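Q: A predicted structure for the sequence below; I have some questions about it.
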Amino acid sequence: MFNPHERRSFREGDIIFVDPARDYENGSLVIVKLANSKEATFKQLVVEGDRRFLKPLNPSWPDPIIELPSDATICGVVISKVEIF
């Protein structure tokens, strides 16, 4: 999730804090688990009407936007980070 051109950017090793009770909104950074996966992903949420999309902050990511499947679970909203030097 590293983007050298944006204020919200995360490097490998940074520690993020996630609030599972916080309501998400358009533009929130979220942790999402897909139904058929054992892993979660960390992306920006884009809401357009009834549709939800995931957008990576890294401009080099191969998929610039991914529609969020209806069976995906938003596990929480990122509220803070600690940068590791």
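A: Received, thanks.

Q: next one, pLDDT for residue 8 please.
A: Note on residue 8: pLDDT of 63.

Q: tell me the SS of the nearest residue to residue 25 once chain neighbours are set aside?
A: Closest residue to residue 25 apart from its sequence neighbours, by Cβ to Cβ, 6 or more residues apart in numbering: residue 47 at 7.2 Å. For the C-beta atoms, the positions are set from N, CA and C on the backbone; glycine is no exception. Following DSSP: H, G, I helix; E, B strand; the rest coil, the label given to residue 47 is strand.

Q: count of neighbours near residue 47?
A: 14 (other Cβ atoms under 10 Å).

Q: pretty sure it contacts residue 26?
A: Yes: between residue 47 and residue 26 there is a contact under Cβ atoms under 8 Å: 4.2 Å.

Q: show me the shaky parts of this structure.
A: The chain contains residues with pLDDT under 70 at 1-9.

Q: what's the residue nearest to residue 75 when sequence neighbours are not counted sitting at in phi/psi?
A: Leaving aside its sequence neighbours, residue 75 sits nearest to residue 31 (Cβ to Cβ, 6+ apart; 4.5 Å). Residue 31 adopts backbone torsions of phi -110, psi 130, taken as degrees, to the nearest 10.

Q: for residue 30, give me its contacts.
A: 24, 42, 43, 44, 45, 54, 74, 75, 76, 77, 78 (Cβ atoms under 8 Å, 6 or more residues apart in numbering).

Q: now with 10 Å?
A: 18, 22, 24, 40-45, 52, 54, 68, 74-78 (Cβ atoms under 10 Å, 6 or more residues apart in numbering).

Q: in stretch 77-84, what counts as buried?
A: The neighbour-count check on stretch 77-84 (16 or more other Cβ atoms under 10 Å) flags 77, 78, 81 as buried.

Q: ditto for stretch 59-72
A: For stretch 59-72, the neighbour count (16+ other Cβ under 10 Å) marks 66, 68, 72 as buried.

Q: ok, those vs residue 35, which is closest?
A: Closest approach to residue 35 among the buried residues of stretch 59-72 (Cβ to Cβ): residue 72, at 6.6 Å.

Q: OK, contacts around that closest one?
A: 32, 33, 34, 35, 36, 37, 40, 41, 52, 54, 66.
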